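Peer 1: here is the input, now give the coordinates:
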Amino acid sequence: MNKANKKKMAVYLLIALGGGWLLQLAGLFLNYGMYYSIMVTACMFTPLIGTVIACRGFRFKRTGIYWHVPIKRHFKWFLMALWMPALMTFIGAILYFCIFRNQFDSGLGYFISIYNVNGAYDAQAMPAHMLVMIQLVTAVTLAPFMNMVFALGEEVGWRGFMTPMLKEWFGCKKAMVLSGIIWAAFHYPLIIFAGYEYGVGYFGAPATGMVAMILFTFSLGTLLSYSYEKSQSIWVPVLAHGAVNAVAGAPLYFMKAGTTSYILGPHLPGVISVIPTFILALLCIRNMSKKEMYNKAEKYT
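Peer 2: Numbers count the residues shown, from 1 in each chain. Model (predicted):
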């Protein structure tokens, strides 16, 4: 943990976290309409900006980030990045609805209530089930690629720059936990003041939501870091992050109308819904730790 790298990390966190918080708060307090959307979108790029400024460039020699796209050599990782988030979201939703069967609404009450605001939804023009089907198909085909533009802003910082440096300093297990905490903290203004991811009125809000977000970001962040380590391409976690943003909230459509809090699920960040992802993350950490121990042993032989 040399002085130069400490300075890089300090600069990075100041811009990634500090800049992200300022943009989120600006969006929250200036306006809840257009300005809110613009500011929240802009804050996704502060990790990228922090990396570029901290490293004084974006090339591999300065950042250590692998920018190449080895599709032929690591095709399976790109395929997993595209569809694994949907699979984990689906499994998590099933787990949630198996526990809370009374929350499931095959009539899409929650979806219709959301889309019926200000008369935005016309049931005669297109049935709700048809609209949901179109959105789900889009979420596992086109939307992940469209979301890559915004996911790149985060993944370059979180997975490309920050987590590898934390692993070098603290080892795999501690790095994954620290990375998850920092990534969760990035979302805290939105969780505290806008009910981001978990709604409002849940037990212990917003503190329990802040803790739940750590569980989610640790789980997802570990899988994204593992995919980056295996593929040696930043574009794999970028695609996976885009896929998560496209599909993670879809299970909410099947909840009853009037639901205002969903800290337990059924969407992917829910405490119960994220359990399958959390288990998979632990398995990935075990594999990464074994590789880390092997590399250390090889180094000293």
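Peer 1: quick one: low-confidence ranges for the stretch 201-301 of the chain?
Peer 2: Across the stretch 201-301 of the chain, the ranges flagged by pLDDT under 70 are 292-301.
Peer 1: the strands in it, which residues?
Peer 2: Remark: strands of the stretch 201-301 of the chain are absent; assignment by DSSP state E, counting those that start in this stretch.
Peer 1: hey, where'd the helices end up in the stretch 51-200 of the chain?
Peer 2: Counting by DSSP state H, counting those that start in this stretch, the stretch 51-200 of the chain has these helices, from start to end: 60-63, 75-99, 109-115, 128-139, 143-155, 163-170, 172-186, 188-194.
Peer 1: okay, those helices in JSON lines with distance to Gln232 and mean neighbour count next?
Peer 2: Placement of C-beta: from N, CA and C, glycine included. Compiled in JSON lines, those are given as follows (distance: least, CB to CB, whole Å; neighbours: other CB atoms under 10 Å):
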{"stretch": "helix 60-63", "distance to Gln232": "11", "mean neighbour count": "14"}
{"stretch": "helix 75-99", "distance to Gln232": "9", "mean neighbour count": "19"}
{"stretch": "helix 109-115", "distance to Gln232": "40", "mean neighbour count": "18"}
{"stretch": "helix 128-139", "distance to Gln232": "27", "mean neighbour count": "15"}
{"stretch": "helix 143-155", "distance to Gln232": "14", "mean neighbour count": "20"}
{"stretch": "helix 163-170", "distance to Gln232": "11", "mean neighbour count": "18"}
{"stretch": "helix 172-186", "distance to Gln232": "17", "mean neighbour count": "21"}
{"stretch": "helix 188-194", "distance to Gln232": "32", "mean neighbour count": "19"}
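Peer 1: how about the residue positioned nearest the centre of the chain, what does it touch?
Peer 2: Centroid-nearest residue in the chain, with CA atoms, centre = their mean: His241, separated by 5.7 Å. With CB atoms under 8 Å, 6 or more residues apart in numbering as the criterion, the residues that contact His241 are Asn147, Met148, Ala151, Glu154, Glu155, Leu224.
Peer 1: now with 6 Å, please.
Peer 2: For His241, the contacting residues are Ala151, Glu155, taking CB atoms under 6 Å, 6 or more residues apart in numbering as the criterion.
Peer 1: would you mind measuring from it to Val11?
Peer 2: In this structure, His241 and Val11 are 23 Å apart, going by CB to CB, to the nearest Å.
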